[in-house]
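**Student:** one predicted model, sequence on top.
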Amino acid sequence: MFLQKIQNQTSIKIFLILQMGECLTINIDLPYVFFHFKNQQEKIYDFYIICQDEKQQSIQLDNPIKITVKAPKQDQIIKQLQDLFPQKDKEDLIKYVKEYGKNKSFDKLVEKILQE
């Protein structure tokens, strides 16, 4: 197995020899990468499967496996508050959500900000 980084893409190649009819399960753990969610509330990761035939020629399967990862709820709320209150500093909104946002919906936080 080796890891290769190409233009904002990470390619992990795993070479395994499977017998006819044998199945393979791969578990993928995706760490939270905060800059993937900058200005967006979800990130779609594409995983491509490349197989070799009996002539050792590589064949990429047509459709990638798509995995959608959503930003944590707190990040989503901060982004929504930024959109609604662009005059407020992002760092102030982060502190505000950490201090007052526990167990509060987005609407409740907006009400609280408007009351101040």
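**Tutor:** Thanks, I have it.

**Student:** would you map out the domains in this protein?
**Tutor:** As given by automatic domain parsing, the domain ranges for the chain are 34-71, 73-115.

**Student:** lowest-scoring secondary structure element of the protein by mean pLDDT?
**Tutor:** Lowest by mean pLDDT, DSSP states H and E among the helices and strands of the chain is strand 2-6, with a mean of 46.

**Student:** deepest-packed of the domains of the chain, please.
**Tutor:** Scoring those by mean neighbour count under mean count of other C-beta atoms under 10 Å gives domain 73-115 as the most buried, with a mean of 13. Quick note: C-beta positions are derived from backbone N, CA and C, even for glycine.

**Student:** distance from that one to the middle of the chain?
**Tutor:** Relative to its parent chain, domain 73-115 has a centroid offset of 21 Å by C-alpha atoms, centre = their mean, to the nearest Å.

**Student:** now do the end-to-end distance for it.
**Tutor:** 23 Å (C-alpha to C-alpha, to the nearest Å).

**Student:** those strands in this protein, which residues are they?
**Tutor:** Secondary structure of the chain (DSSP state E): strands at 2-6, 9-13, 42-47, 50-52, 58-60, 65-70.

**Student:** dump the domains of the chain into JSON lines; add mean pLDDT as well.
**Tutor:** Below are these laid out as JSON lines (pLDDT from 0 to 100):
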{"stretch": "domain 34-71", "mean pLDDT": "82"}
{"stretch": "domain 73-115", "mean pLDDT": "85"}
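
**Student:** I appreciate the help and will end here.
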